[in-house]
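Undergrad: Sequence first, predicted coordinates after that:
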Amino acid sequence: MFVLAVIYENCTGCHLCELACSFKHHGVFDLSLSRITILTKPEVQTSVQVYCLQCRDAACERVCPMDAISRDRNGAYIINYDRCIGCRECAYACPFGAISFEVEARPIKCDLCGGEPECVAVCPHDAIVYMEEKKAARELKKAKAAGVAYGLYGGKETSEHPRKKAEEAVEYLMKLVEKSGELDV
Ligand code: SF4
Ligand code: SF4
């Protein structure tokens, strides 16, 4: 099973992941429609990504009165909108605040983009990675042992994921737009 993991130190708070996410799911660049949220604290130069951790025994799945949430083959919890009644119980139950709502009161959450997360592809600093769960756990252990407070890898120098250039990220976004053929830019 693959999981989304973050290298906090690599994140510059550029919000490109949020833009790519909203475009992928809604066809618009709108931060409020992103399933990943970047909280920035410029005063301490820190950015933290908030997103669904696809928990084992997930609270959202358990509380849903309509059994509208289930796991797909990638391990992502998916909302069945044919069953969802918009009661918001899932959002209240999520301990990570990873479920938000569209204007029509439909809950939205990370679905791992069907196994090819757009945020990972676009991030110009490789701050988000998608890797095998056991490997991610090992890296977290290593980071903890090294006394690192944030992130899986504990720093830019030790990251085995080379940074992309910002231009590559912009190019990627443009390709997304071109692929959709619906947006006038
Ligand atoms: S795209 Fe990468 S560097 Fe930019 S805010 Fe998202 S995680 Fe951080
Ligand atoms: S908002 Fe929808 S998915 Fe969430 S708990 Fe209510 S019925 Fe279930």
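TA: Now that the structure is in, tell me what you want to look at. Ligands and ions are numbered 1, 2, ... in the order given.
Undergrad: buried set for stretch 61-79?
TA: Buried positions in stretch 61-79, judged by neighbour count with 16 or more other C-beta atoms under 10 Å: 61, 64, 68-69, 74, 76-77, 79. C-beta coordinates here come from the backbone N, C-alpha and C atoms, glycine included.
Undergrad: Can you list the neighbours in contact with the lengthiest helix in the chain?
TA: In the chain, assigned by DSSP state H, the helix with the most residues is helix 166-180. Applying C-beta atoms under 8 Å, 6 or more residues apart in numbering, the set of residues contacting helix 166-180 from outside is 14, 16, 19-20, 23-24, 27, 118, 121-124, 183, 185.
Undergrad: Point to the residue nearest the middle of this structure.
TA: Ile36 (4.1 Å; C-alpha atoms, centre = their mean).
Undergrad: per-residue pLDDT, the nearest residue to it once chain neighbours are set aside?
TA: Spatial nearest neighbour of Ile36, chain neighbours left out: Tyr51 (4.2 Å); criterion: C-beta to C-beta, 6 or more residues apart in numbering. pLDDT, Tyr51: 91.
Undergrad: just for this protein, where's the confidence low?
TA: The chain contains residues with pLDDT under 70 at 44-45, 139-165, 182-185.
Undergrad: Kindly report the residues of it close to ligand 1.
TA: Residues of the chain lying near ligand 1 by C-beta under 6 Å from any ligand atom: 11-17, 38, 47, 49, 123, 125, 127-128.
Undergrad: if you set the cut-off to 5 Å instead, what comes out?
TA: 11-12, 14, 16-17, 38, 123, 125, 127 (C-beta under 5 Å from any ligand atom).
Undergrad: List buried residues within the residues you listed.
TA: Buried residues within the residues of the chain next to ligand 1, counting neighbours by 16+ other C-beta under 10 Å: 11, 14, 16-17, 38, 123, 125, 127.
Undergrad: mind putting those in JSON lines, distance to Glu133 and secondary structure included?
TA: Formatted as JSON lines, those follow (distance: C-beta to C-beta, whole Å; DSSP: H, G, I helix; E, B strand; the rest coil):
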{"residue": "Cys11", "distance to Glu133": "21", "secondary structure": "coil"}
{"residue": "Cys14", "distance to Glu133": "27", "secondary structure": "coil"}
{"residue": "Leu16", "distance to Glu133": "25", "secondary structure": "helix"}
{"residue": "Cys17", "distance to Glu133": "21", "secondary structure": "helix"}
{"residue": "Ile38", "distance to Glu133": "23", "secondary structure": "strand"}
{"residue": "Cys123", "distance to Glu133": "20", "secondary structure": "coil"}
{"residue": "His125", "distance to Glu133": "23", "secondary structure": "coil"}
{"residue": "Ala127", "distance to Glu133": "19", "secondary structure": "coil"}
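Undergrad: can you give me the strands in this structure?
TA: Applying DSSP state E to the chain gives strands spanning 2-6, 37-41, 46-50, 69-71, 77-79, 100-101, 107-108, 128-132.
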